[in-house]
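Enquirer: next one to model:
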Amino acid sequence: MLKPAGWPEAERAARESYGRLVAYLAWQWRDLAAAEDALGEALLSALTHWPQTGVPASPDAWLLTAARRQLLMQHRHERLAQSPEVQALLDAEPTAPEAPALPDRRLELLFTCAHPALASAMHAPLMLQAVLGLDARSIARAFLVSPSAMAQRLVRAKARIREAGLRLQTPEASELPARLAAVLEGIYGAYTIGSDLASPAPEAEPELRDEALFLARLVAQLQGSAEALGLKALLLYCQARRPAQFNAHGDFVPLTEQDTALWDQALMHEAENCLWQAARQRTPGPMQLEAAIQSAHCHRAYTGQTPWGQIAQLYGALVAYHPSVGAQIGFAVALAESGEVQRGLDALGALAAETVTSHQPYWVATAHLQRLAGQVEAADAALQRALGLTADERVRRFLSASARR
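Expert: Prediction:
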């Protein structure tokens with residue numbers, strides 16, 4: 001179906017408003033599922049009307065008004081709609097929430113999604129959908145599960161929130177350590193999805209990366225723990241290198257071949273300061289290790305060399321802390337680059353086949369290590385698998401050129 005003129009502008013404005021307004025409505029109504037449903041209807045109405053009438057001066061206010069109207073309709077015949085508290089909300093003038101208050105409410109929703117009454121495996125996925133507005137398919141790719149399985153898990157998690165009557169409020173100080181790790185994982189997941197070039201999601205745009213970095217800064221400022229500072233440093237390192245990810249012709253440039261003169265020195269210095277602040281607390285964790293790995297990569301800007309031996313050691317420690325698929329692939333590549341090619345291949349071979357069958361970075365790494373080992377035919381086959389799993393045309397061109405070479 002052809003999209004009407006003005007659709008991209010309407011779609012962008014609606015997407016940018018989604019996460020903020022879900023947090024605001026859920027905070028008011030204490031019902032995450034109802035807030036999402038109402039805002040979904042409001043967004044559908046916006047995408048129908050805005051291309052014809054133009055994006056309103058205050059998209060947040062427009063969507064908030066429509067969502068509140070939808071909530072009133074949903075509760076018209078329920079006892080909740082007759083309570084004084086709800087009537088006060090509905091009778092109030094429907095204006096957009098003030099911007100300064102929104103980040104705190106989104107942070108409250110992030111911590112609510114990390115409630116111990118919910119399955120720990122669902123904390124980060126729930127944050128990605130409820131707070132940042134990502135769809136189940138994009139979240140499923142990040143967690144290496146099927147979209148249908150992730151959708152079912154999200155539905156069950158929201159039902160659990162409703163059934164348990166979980167309140168949307170920041171935890172007590174004694175509860176923060178247990179919830180903070182999940183919040184950091186959710187923010188990191190958002191940045192990763194926003195940066196995914198293998199299978200870019202509709203959300204893989206600068207707005208999502210910027211939002212994740214904003215939340216990382218906010219958590220580090222409000223919490224100040226070593227891991228919160230580690231996440232902030234990690235995202236700053238990644239963001240600093242983005243200007244060199246594509247050349248002047250729009251071709252993809254891998255990290256090891258990037259022009260370090262294009263890296264953002266100010267962001268790199270800020271990241272280094274954050275990492276040192278974290279290290280002084282002497283409470284190591286996975287986010288700090290990830291940041292330290294990126295710091296080591298950035299040292300090439302000053303020495304001209306990538307310290308692969310150090311990176312392999314850091315990855316080894318990271319795998320011991322948090323043996324994620326990404327960490328294990330990174331460990332294998334670092335081992336190979338530091339001279340232990342067969343050990344790297346063994347590390348890749350130890351990964352569960354069902355986990356990496358459709359994981360593009362695994363096949364890129366496998367092809368690279370097999371080529372280093374002189375296994376040319378196997379490397380070509382792995383590279384073809386990687387090509388089949390790559391959606392971004394810029395990356396496909398790079399991999400195709402690698403195959404020809």
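
Enquirer: show me the domain layout of this structure.
Expert: The chain breaks down into these domains under automatic domain parsing: 1-95, 307-405.

Enquirer: JSON lines for those, including distance to Leu213 and mean pLDDT?
Expert: (C-beta placed from N, C-alpha, C; glycine too.) What follows is the domains of the chain, written out as JSON lines (distance: least, Cβ to Cβ, whole Å; pLDDT from 0 to 100):
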{"stretch": "domain 1-95", "distance to Leu213": "14", "mean pLDDT": "65"}
{"stretch": "domain 307-405", "distance to Leu213": "19", "mean pLDDT": "94"}
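
Enquirer: to Val219, which of those domains lies closest?
Expert: Among the domains of the chain, the nearest to Val219 by Cβ to Cβ is domain 1-95 (14.6 Å).

Enquirer: so Leu399 makes contact with Leu383?
Expert: Yes: Leu399 sits in contact with Leu383 when judged by Cβ atoms under 8 Å, with a separation of 6.3 Å.

Enquirer: need the overlap of contacts for the two.
Expert: Val364 (Cβ atoms under 8 Å, 6 or more residues apart in numbering).

Enquirer: picking up where we left off before, now mean neighbour count and distance to Pro147 too, for the domains of the chain, in a markdown table please.
Expert: Output for the domains of the chain, formatted as a markdown table (neighbours: other Cβ atoms under 10 Å; distance: least, Cβ to Cβ, whole Å):
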| stretch | mean neighbour count | distance to Pro147 |
| --- | --- | --- |
| domain 1-95 | 17 | 18 |
| domain 307-405 | 18 | 12 |
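
Enquirer: for those domains, which one sits closest to Asn247?
Expert: Using Cβ to Cβ, these put domain 307-405 closest to Asn247, at 9.9 Å.

Enquirer: what stretches of the stretch 151-300 of the chain score poorly on pLDDT?
Expert: Counting by pLDDT under 70, the stretch 151-300 of the chain shows low-confidence ranges at 165-171, 173, 198-206.

Enquirer: need the helices for it, in chain order.
Expert: Ranges of helices in the stretch 151-300 of the chain, per DSSP state H, counting those that start in this stretch, are 176-195, 206-223, 226-241, 265-280, 286-298, 300-303.

Enquirer: of those helices, which is nearest Thr65?
Expert: Ranking the helices of the stretch 151-300 of the chain by proximity to Thr65 (Cβ to Cβ) places helix 206-223 first, at 23.1 Å.

Enquirer: still on that earlier bit, and of the domains of the chain, who's closest to Ser148?
Expert: Among the domains of the chain, domain 307-405 sits nearest to Ser148 (Cβ to Cβ), with 14.2 Å.

Enquirer: off-centre distance for the closest one?
Expert: 22 Å (Cα atoms, centre = their mean, to the nearest Å).

Enquirer: gap between the two ends of it?
Expert: Terminal residues of domain 307-405 are spaced 26 Å apart (Cα to Cα, to the nearest Å).

Enquirer: do stretch 160-175 as well
Expert: By Cα to Cα, one end of stretch 160-175 lies 20 Å from the other end.

Enquirer: check contacts around the nearest residue to Tyr315 once chain neighbours are set aside.
Expert: Nearest residue to Tyr315, sequence neighbours excluded (Cβ to Cβ, 6 or more residues apart in numbering): Phe331, at 3.8 Å. Neighbour list for Phe331: Ala312, Tyr315, Gly316, Leu318, Val319, Gly344, Ala347 [criterion: Cβ under 8 Å, 6+ apart].

Enquirer: turn those residues into TSV, columns for secondary structure.
Expert: As requested, those are exported to TSV (DSSP: H, G, I helix; E, B strand; the rest coil):
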residue	secondary structure
Ala312	helix
Tyr315	helix
Gly316	helix
Leu318	helix
Val319	helix
Gly344	helix
Ala347	helix
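
Enquirer: of those, which is the nearest to His359?
Expert: Ala347 (14.6 Å).

Enquirer: report the contact partners of the closest one.
Expert: Gln328, Phe331, Ala332, Leu335.

Enquirer: so which of these sit within helices?
Expert: Counting by DSSP state H, the members of the contacts of Ala347 that fall within helices are Gln328, Phe331, Ala332, Leu335.
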